[in-house]
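>>> Got a predicted structure plus its sequence, pasted below:
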Amino acid sequence: MTTALLSESEITAALETLPEWSRAGDALTRTVQAATFPAGIELVRRVADIAESANHHPDMDIRWRKVTFTLSTHSAGGLTAQDVALAREIDRLAL
């Protein structure tokens with residue numbers, strides 16, 4: 001099954017509903033500041049569980065209490081609805 005790339009207008013509309021996210025080329029990115037290092041690790045673990053269930057895995061970079069998520073559907077060559085859905089889940093978990 002091939003996942004369709006989002007159009008420029010679809011990406012713009014999605015970003016309007018994802019204020020913590022920005023676009024970096026063919027990816028969406030967000031950095032979360034955790035209260036503690038263990039809290040950041042726990043966030044990564046929770047995102048990993050959701051990502052594994054969805055078979056859609058973000059790049060995650062942990063720097064002490066800062067966790068940066070980068071989303072792109074590599075198999076499709078850019079941004080898809082899967083990336084937007086995972087961004088929404090990350091936002092929900094990062095509250």
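Good, I have the coordinates. Numbering: from 1, shown residues only.
>>> hey, let's count contacts and neighbours off CA atoms from now on
Will do.
>>> Quick check: pLDDT value at Leu86.
If you check Leu86, the pLDDT there is 98.
>>> from what I can see it touches Ala51, true?
Yes - contact criterion C-alpha atoms under 8 Å: Leu86 and Ala51 qualify, at 7.5 Å.
>>> Which neighbours do the two have in common?
Common neighbours of Leu86 and Ala51, using C-alpha atoms under 8 Å, 6 or more residues apart in numbering, do not exist here.
>>> Which one of those two is surrounded by more residues?
Legend: neighbour count by other C-alpha atoms under 10 Å for Leu86 and Ala51, higher for Leu86 (19 against 16).
>>> Phi, psi for the residue nearest to Ile62 when sequence neighbours are not counted please.
Leaving aside its sequence neighbours, Ile62 sits nearest to Thr68 (C-alpha to C-alpha, 6 or more residues apart in numbering; 6.6 Å). Per-residue torsions, Thr68: phi -110, psi 130 (degrees, to the nearest 10).
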